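whatever this is, show me its structure:
(chains A and B)
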Amino acid sequence: MGSGIEHLLRDLAPQVLGVMARRHRDFAAAEDAVQEALLAASIQWPKDGVPGNPRGWLIQVASRKVIDEARSNAARQRRESEVAMEAGYVLPAANSVPVDDDTLPLLFYCCHPSLTTSSAVALTLRAVGGLTTAEIAKAFLVPESTMAQRISRAKQTIKESGIPFRAPEGEERERNLRSVLHVLYLVFNEGYSASQGEQFLRTDLASEGIRLARTLCRRIPANPEAAGLLALMLLTDARKHARMGSNGEIIPLDEQDRALWDHDLIGEGIALLSEALRQGSVGPYQLQAAIAAVHDEAPDAKQTDWPQIVALYELLIKMTGNPMARLNHAVAVAMDEGPEKGLRLLASLEGDERLSGHHRFHAVRAHLLEMAGDAEQAVIGYQTAAVRTGSLPERNYLMRRAARLREAGR
Amino acid sequence: MKFILMMNMKTDAESMSKGIMTWPKEDIDRHIQFMMELNKKLKGTGELVGAEGLSWPDQAKLVRAGKDGTPVTDGVFPETKEFLIGYWIVDVESEERAYEVAAMASAAPGRGGEPLQMPIEVRQIMAGPPEEEL
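Here you go, the predicted model:
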């Protein structure tokens, strides 16, 4: 199937699903029908050509499938057929807003806070991203049947919760928007953190996260946190070719070859962020984007504006209290004012169990000890962190770093 | 035929004093590289079903069902001195081939680039029902 048709289908998928979900009360059935229609299109259109009204074609085919399904259910349930068919023919609610596309309500629906994050991620990638179950399964390294079940249960959860299919308003919107942003961030992060090479993905998750974030921003153009999230993704993705060695080794920020950074993406991210910040409603994604921007603007590691980064982390901590932000803040303080100051900060954080047991705490402390010249304790710290991390590339990185330091001492 | 090939790590004091954490960086790099290439090789032959590295032995937990079914988590027995650290699942033509693959894993380089010759436990994975006798 040509990539033109593939892109068309992926763009149309959420739109068609939106229409179907409005018409038919059963979201799960609508979603299944849309999947089948997409599959039919992917087979027929390359042979017969793209129809004049591709969206209409998909809606018609999907609708027929819902009707057929309702009919066969009715046959199975004998003479409840009238009622069953009625269920498939619900007219749109009188006050429904006729919109050209329903991607936004669909996003809110799939990212609803009542779902677990892994359910929301899977459902969003299917329903809004238009990825097949097989593609999503590959992305998360689980068998296809496992992912199919996950998606099916997610649809069931939503159905049972009785959440209406519409974009929420007011306070509910703000709360649910945070959920949407979180899910999109997870999609991006999953793609960005996964090692390259081995993980071949026909559709790259990090790009999918960016694509969905762009989709969201187009529909809520004035929203600064959505723009902040997109900016954060772009500013992070810009570094992707420099962050991993040829054997999948992690290359830390201060050792990356900045010539490999994508400066167009950096420019776009900074422009987006500046526009968002102008609105004067700063939030955590804008702050994280701002920190990424400060890194990305430095021509080399030594020219990084560390005082700026310190200040931004202080704002972020005030806003979210996030323990990882505290760790990063300690690093920034060390870079700005010397490792002893950073180490004192870490010592003050030791009481927080979320931190003191975490592998990153030990990795950061080891890094600062290394900076301060205490190689022996730094080696122990790196090894402690290596033993605790759940990431294989990170374990390798920390083990190597410990070994490197051990050797330097000789 | 599917087999699981299991690699262990000894955690007694003497073994740990010679373990990967004590090797020169060059040797650690070589070991990691070897493992990546082994997996690539097995993917290339169409024999690799799965391969995973496990978290470090001292992170292991023993879990039992408590009286009401909720999990009761303990550290592992201090007497346990050997832990699974990784495994490969391969789908191969014969038992002999499974042994060949295990020997490849066993030859992973250690200190000074010398093959570790670790013992790899090979177990057949139980298969489905046998073909009907005609």
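
hmm, who's touching the least confident helix or strand in chain B by mean pLDDT?
Across the helices and strands of chain B, mean pLDDT, DSSP states H and E gives its lowest value to strand B:71-75, namely a mean of 88. The contact list for strand B:71-75 (Cβ atoms under 8 Å, 6 or more residues apart in numbering or on different chains) reads B:60, B:61, B:62, B:63, B:64, B:65, B:66. Heads up, the C-betas are built off the backbone N, CA and C, glycines and all.

give the contact list for the residue of chain A found nearest chain B.
In chain A, no residue comes nearer to chain B than residue A:403, which is 3.6 Å away by Cβ to the nearest Cβ. By Cβ under 8 Å, 6+ apart, residue A:403 lies in contact with B:23, B:24, B:25, B:28.

so which of these also contact chain A?
B:23, B:24, B:25, B:28 (Cβ under 8 Å from any Cβ of the partner chain).

tell me which of these fall in helices.
B:25, B:28 (DSSP state H).

now the ones next to chain A among the contacts of residue A:403 in a markdown table, with neighbour count?
Output for these, formatted as a markdown table (neighbours: other Cβ atoms under 10 Å in any protein chain shown):
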| residue | neighbour count |
| --- | --- |
| B:23 | 21 |
| B:24 | 15 |
| B:25 | 17 |
| B:28 | 21 |
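
of the ones next to chain A among the contacts of residue A:403, closest to residue A:28?
residue B:28 (50.1 Å; Cβ to Cβ).

that closest one against residue B:20, yeah?
Yes. Proximity of residue B:28 to residue B:20 meets the contact threshold set by Cβ atoms under 8 Å, at 6.3 Å.

shared neighbours, those two?
residue A:399.

quick one: residue A:69 from residue A:63, how far?
11 Å (Cβ to Cβ, to the nearest Å).

now do the shared contacts for the two.
Common neighbours of residue A:69 and residue A:63 are listed as residue A:33 (criterion: Cβ under 8 Å, 6+ apart).

and these two? Which one has more around it.
Ranked by neighbour count (other Cβ atoms under 10 Å in any protein chain shown), residue A:69 and residue A:63 place residue A:63 first, with 21 against 17.

ok, back up a step: remind me which helix or strand the residue of chain A closest to chain B belongs to.
Element membership for residue A:403, per DSSP states H and E: helix A:392-408.

what comes up buried for that helix?
Going by neighbour count (16 or more other Cβ atoms under 10 Å in any protein chain shown), the buried part of helix A:392-408 is A:392-406.

quick one: pLDDT of the closest residue to chain A within chain B?
Nearest to chain A in chain B, going by Cβ to the nearest Cβ, is residue B:25, at a distance of 3.6 Å. What the model reports as pLDDT for residue B:25 is 94.

apart from its chain neighbours, what residue comes closest to it?
With Cβ to Cβ, 6 or more residues apart in numbering or on different chains as the criterion, residue B:25 has its nearest non-adjacent residue at 3.6 Å, and that residue is residue A:403.

where does the chain dip in pLDDT?
Reading this off chain A. A:1, A:74-101, A:194-203, A:410 (pLDDT under 70).

that's the wrong chain, I wanted chain B
Low-confidence segments of chain B, defined by pLDDT under 70: B:133-134.

for chain A, what are the nearby residues on it?
B:20-21, B:23-25, B:28-29, B:32-33, B:36, B:39, B:53, B:55-56, B:58-59.
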